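*Asks:* Sharing a model prediction with you, sequence too.
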Amino acid sequence: MLPEKQRIEATGSRPNPGSVMSPGGLDFCELKDAPEGTRPLSLYLVANGTAPGAVKVSLTLGRSGRGGAEVKREFHVDARGAWLSVAGWDVASLQYEAGPSGMILAYAWLTLPVPSSRPIFFWQSIAAPGTIPCPPGARVVTPAIADAGATWIQTDGGAPFVIAAPLVAGAPLLVAGSSLTILVAPQTVCWELEPV
């Protein structure tokens with residue numbers, strides 16, 4: 001954890017949807033060969049503005065070269081902020097996807113490692129009845145309203161495997177399938193995602 005008096009200074013900010021760039025207009029992927037001690041190890045994001053709410057962002061991390069690994073997360077950032085590790089990745093693309101008018105996304109590329117594994121969150125509204133795929137990295141879901149008939153569906157190339165997933169309003173439930181079917185509408189869920 002950072003010492004109490006140390007502050008994270010923003011690298012930049014974006015007041016509306018679009019691509020987020022690092023200082024000087026360089027995409028993070030061009031910083032992979034940065035000298036020792038100057039290569040970013042983490043990314044800090046925070047959203048502030050005149051309207052309440054959160055901004056939706058999309059972060060893609062990858063390795064350069066043929067066959068490089070890639071991971072993508074879509075999540076929300078609010079005034080509490082999100083701190084993600086980018087250590088070991090060569091390429092990064094960050095998009096400000098959507099947010100309330102007046103909301104600004106501030107970001108900072110840091111040479112500091114993330115102090116601890118902190119989850120990121122993605123809120124989703126669902127019409128019912130309906131089935132939605134679990135977002136990449138989802139480990140826990142928390143519903144706004146109860147749904148005793150909800151189910152997880154897992155497919156392995158054969159017939160789908162259905163698991164009962166009774167949702168209790170405000171109670172977190174471990175993800176146990178690749179998609180979630182709900183019966184009660186409208187439903188809003190909060191997905192807790194593994195940080196990248």
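*Replies:* Structure received.

*Asks:* Quickly note the distance from the residue nearest to the spatial centre of the chain to Leu59.
*Replies:* When Cα atoms, centre = their mean is applied to the chain, the residue found nearest the centroid is Phe75 (3.0 Å). According to Cβ to Cβ, to the nearest Å, Phe75 and Leu59 sit 8 Å apart. Any C-beta I mention is one placed from the backbone N, CA and C, and that applies to glycine too.

*Asks:* What is the end-to-end distance of stretch 147-160?
*Replies:* Start and end residues of stretch 147-160 are separated by 21 Å (Cα to Cα, to the nearest Å).

*Asks:* quick one: that stretch to chain centroid distance?
*Replies:* Relative to the centre of its chain, stretch 147-160 is centred 24 Å away, using Cα atoms, centre = their mean, to the nearest Å.

*Asks:* And that stretch, what's buried?
*Replies:* Under the neighbour-count criterion of 16 or more other Cβ atoms under 10 Å, stretch 147-160 has 147, 150-153 buried.

*Asks:* what would those residues look like in CSV with pLDDT and secondary structure?
*Replies:* Shown next, in CSV, are the buried residues of stretch 147-160 (pLDDT from 0 to 100; DSSP: H, G, I helix; E, B strand; the rest coil):
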residue, pLDDT, secondary structure
Asp147, 95, strand
Ala150, 94, coil
Thr151, 94, strand
Trp152, 94, strand
Ile153, 93, strand
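
*Asks:* Return the member of those residues nearest to Ala79.
*Replies:* Nearest to Ala79 out of the buried residues of stretch 147-160 is Asp147 (Cβ to Cβ; 29.4 Å).

*Asks:* Name all residues that make contact with that closest one.
*Replies:* For Asp147, the contact set (Cβ atoms under 8 Å, 6 or more residues apart in numbering) comprises 128, 166-167, 182-184, 187.

*Asks:* Likewise for Gly62?
*Replies:* 68-71, 89-92.

*Asks:* If any of those are buried, put those into a ChimeraX selection.
*Replies:* Remark: buried members of the contacts of Gly62, expressed as a ChimeraX selection using 16+ other Cβ under 10 Å:
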select :89,90,91,92
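
*Asks:* Among the contacts of Gly62, which ones are in strands?
*Replies:* Mapping the contacts of Gly62 onto strands (DSSP state E) picks out 70-71, 91-92.

*Asks:* Between those residues, which sits nearest Gly137?
*Replies:* When the ones in strands among the contacts of Gly62 are ranked by distance to Gly137 (Cβ to Cβ), Val71 comes first, at 7.9 Å.

*Asks:* is it true that the closest one touches Leu84?
*Replies:* No. Applying Cβ atoms under 8 Å, one finds Val71 not in contact with Leu84, separated by 10.8 Å.

*Asks:* Common neighbours of the two, please.
*Replies:* Residues touching both Val71 and Leu84 (Cβ under 8 Å, 6+ apart) are Val196.
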